[in-house]
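> Got a sequence here, can you build the structure:
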Amino acid sequence: MNDTFLKACRGQKTDYTPIWIMRQAGRYLPEYQKVRGNVTFLELCKTPELCVEVTLQPIDILKVDAAILFSDILIPLEAMGTPLEFHEGRGPVFPEPIKSQTDLDKLIIPDPEEHTGFVMETIKLLRKELKVPLIGFSGAPFTCATYLIEGGSSKVFWETKKMMYTAPDLFHNMMRKITDTTTLYLKAQAKAGAQALQIFDSWAGILAPRDFKTFALPYVKEIIRDLKDTGLPIIYFANNGATLLELSESSGADVLGLDWRINIGDAAQRVGDVALQGNLDPFSLLLPKNELKKRIAAILDDAKDVKGHIFNLGHGIHQFTPPEQAIAAVEYVHELSRK
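Numbering: from 1, shown residues only. Okay, here's the model as predicted:
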């Protein structure tokens, strides 16, 4: 087992900087497209054998140092009892958004083995195949709540912030239910064999720091506190969260994921005894290879004093990225960090 990623998560010395890529199992790979062409996205997520296949693809092709479970952050929300659809061009849609306490009362806190057992089966199958660590994951409660409230993706999050400001009790009741669901879901992933857990807060950056501290952070803290007894490294990624960095550090996570909007060296000076993950702009993969190599070298140099550094993109790899550019990025990280 190549445990370089796990060592970096714990701030231990490594022979080189490990790298994995958010959304590394996905649409930019022709091999993924071949599998996806035969099933809907939700069918893929719920078929363990196919999830194993697409999870393993970037390990073989890119030679990354960790695998991340192929799934979606919205899977446990569907398990709570709300219909979920995926539409080409629109993304995820919840046709029955939560607008009232009555709507919320219809949702359950699902047993993860009973309602999302396919995820746990995927993890068990992957552990038999993998020679690198497996990352399990969930969405953070705030990010998940935005989808339930908005009925899908949003650019302005009008309904979410309206509920926060005009019906805070309802909002917190929703966060409570999602938090309990998320904790059980991640604990089940740990029990099934995940070796690290990442919490994706994709929309945290829409919040002012004081609102993040009130409406989002307490629930992340609770989840991480309740996961400590798993003994697994916990990664918290607050996208567009440079203004939330010190607050994010207080989450208790072992690793903080960074987007590309902050210099990783500056981030290291602002936080204490915590590993950092990131933070190449995904579109930098479009650079000529000599320029991409220079960009990677600069990030590695900026991160030289970080307690533990896991190289990653600052967000998910774009679907139109040439795979050979991702392969080159992994090679450059390995080569340059060994020097």
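
> and Arg90, how many neighbours?
Arg90 is flanked by 10 other residues according to other CB atoms under 10 Å. Bear in mind the C-beta positions are built from the backbone N, C-alpha and C, glycine included.

> Distance check, it against Glu335.
Noted for Arg90: a distance of 41 Å to Glu335, by CB to CB, to the nearest Å.

> Could you report the neighbour count for Gly37?
7.

> For it, give its distance to Leu44.
Where Leu44 is concerned, Gly37 sits at a distance of 10 Å (CB to CB).

> which residues does the residue nearest to Asp3 when sequence neighbours are not counted contact?
Spatial nearest neighbour of Asp3, excluding adjacent residues (CB to CB, 6 or more residues apart in numbering): Pro133 at 6.6 Å. By CB atoms under 8 Å, 6 or more residues apart in numbering, Pro133 lies in contact with 1-3, 5-6, 65-67, 195-196.

> For those, give me a markdown table that also has neighbour count and pLDDT.
Formatted as a markdown table, those follow (neighbours: other CB atoms under 10 Å; pLDDT from 0 to 100):
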| residue | neighbour count | pLDDT |
| --- | --- | --- |
| Met1 | 9 | 91 |
| Asn2 | 15 | 96 |
| Asp3 | 17 | 97 |
| Phe5 | 26 | 98 |
| Leu6 | 23 | 98 |
| Asp65 | 25 | 98 |
| Ala66 | 27 | 98 |
| Ala67 | 26 | 98 |
| Gln195 | 24 | 98 |
| Ala196 | 24 | 98 |
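
> Contacts only, for the closest residue to Phe41 other than its chain neighbours.
With CB to CB, 6+ apart as the criterion, Phe41 has its nearest non-adjacent residue at 4.7 Å, and that residue is Phe86. Phe86 makes contacts with 40-42, 92-93, as judged by CB under 8 Å, 6+ apart.

> you'd agree Phe86 is in a strand?
Yes - assessed by DSSP: H, G, I helix; E, B strand; the rest coil, Phe86 belongs to a strand.

> ok, now how distant is it from Asp72?
9 Å.

> In this protein, what helix or strand scores lowest on average pLDDT?
For the chain, counting by mean pLDDT, DSSP states H and E, strand 85-87 ranks last in confidence among helices and strands (a mean of 91).

> and that strand, how far out from the chain's middle?
20 Å (CA atoms, centre = their mean, to the nearest Å).

> who does that strand pair up with?
Strand 85-87 has the following sheet partners, assigned by DSSP bridges: strand 91-93 (antiparallel).

> Report the next helix or strand after the partner strand in sequence order.
Moving toward the C-terminus from strand 91-93, the next helix or strand (DSSP states H and E) is helix 101-105.

> Please enumerate the strands of the stretch 101-250 of the chain.
Assigned by DSSP state E, counting those that start in this stretch, the strands in the stretch 101-250 of the chain fall at 134-139, 196-201, 234-238.

> right, so the ones you listed: which one is the most enclosed?
Greatest average neighbour count among the strands of the stretch 101-250 of the chain goes to strand 234-238 (a mean of 26), per mean count of other CB atoms under 10 Å.

> So what angle separates the directions of that strand and strand 196-201?
If you take axes from the mean of the first three to the mean of the last three CA atoms, to 10 degrees, strand 234-238 sits at 20 degrees to strand 196-201.

> which secondary structure elements does strand 234-238 contact?
strand 196-201, helix 217-227, strand 255-257 (3 or more CB pairs under 8 Å, 6 or more residues apart in numbering; DSSP states H and E).

> and Met163, which of those is closest to it?
Nearest to Met163 among the helices and strands packed on strand 234-238 is helix 217-227; the distance by CB to CB comes to 15.0 Å.
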